[in-house]
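Peer 1: build the 3D model from these lines:
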Amino acid sequence: QVPVVESGGGLVQFGGSLRLSCAASGISLAPYHIGWFRQAPGKEREGVSCINNIDDSTYYADSVKGRFAISRDDTKNIVYLQMNNLKPDDTALYFCAATLLRLSGTCVPDYGMDYWGKGTQVTVSS
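Peer 2: All right, here's what the predicted structure looks like:
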């Protein structure tokens, strides 16, 4: 198992910002395609963003495009999800996931991910 751990969630007001981190210990995240997913109560899990392991291209769901930014810092072995202009609809449990699959042009879907963290809760108040 790849021990990926999410952090950075919390309670924030409408329009606020949070930065989520996906960290791993013992292994380097650099070779991995990393995806961020979220699941709100009563809803299906959805992909939010990803950064690939080919050329670090990034992709976003339409619902977060222009507000969220994913990046990796290989020196710290962390993948970040900067979330700005947060809305109540962004409230969910956020997960990071990793896979060695190499896919260009889009994100690896959740069923293609091999390793998952336990999630970090993001709550946006109106």
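
Peer 1: use CA for all of it now, contacts and neighbours both
Peer 2: Will do.

Peer 1: ok, Y94 - contacts?
Peer 2: Listed by CA atoms under 8 Å, 6 or more residues apart in numbering, the contact set of Y94 reads W36, F37, R38, Q39, G119, T120, Q121, V122.

Peer 1: among these, which ones are buried?
Peer 2: With burial judged by 16 or more other CA atoms under 10 Å, the buried subset of those is W36, F37, R38, Q39, G119, T120, Q121, V122.

Peer 1: tabulate these (JSON lines), appending pLDDT and secondary structure.
Peer 2: Shown next, in JSON lines, are the buried ones among the contacts of Y94 (pLDDT from 0 to 100; DSSP: H, G, I helix; E, B strand; the rest coil):
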{"residue": "W36", "pLDDT": "98", "secondary structure": "strand"}
{"residue": "F37", "pLDDT": "98", "secondary structure": "strand"}
{"residue": "R38", "pLDDT": "98", "secondary structure": "strand"}
{"residue": "Q39", "pLDDT": "98", "secondary structure": "strand"}
{"residue": "G119", "pLDDT": "97", "secondary structure": "coil"}
{"residue": "T120", "pLDDT": "98", "secondary structure": "strand"}
{"residue": "Q121", "pLDDT": "98", "secondary structure": "strand"}
{"residue": "V122", "pLDDT": "98", "secondary structure": "strand"}
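
Peer 1: between these, which is closest to L29?
Peer 2: Comparing the buried ones among the contacts of Y94 against L29 with CA to CA picks out W36 as the nearest, at 13.8 Å.

Peer 1: distance of that closest one from V4?
Peer 2: 12 Å (CA to CA, to the nearest Å).

Peer 1: between those two, which contacts overlap?
Peer 2: Contacts common to W36 and V4, judged by CA under 8 Å, 6+ apart, are C96, A97.

Peer 1: would a markdown table of the contacts of Y94 with distance to I70 be doable?
Peer 2: Shown next, in a markdown table, are those (distance: CA to CA, whole Å):
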| residue | distance to I70 |
| --- | --- |
| W36 | 9 |
| F37 | 12 |
| R38 | 14 |
| Q39 | 18 |
| G119 | 16 |
| T120 | 16 |
| Q121 | 18 |
| V122 | 16 |
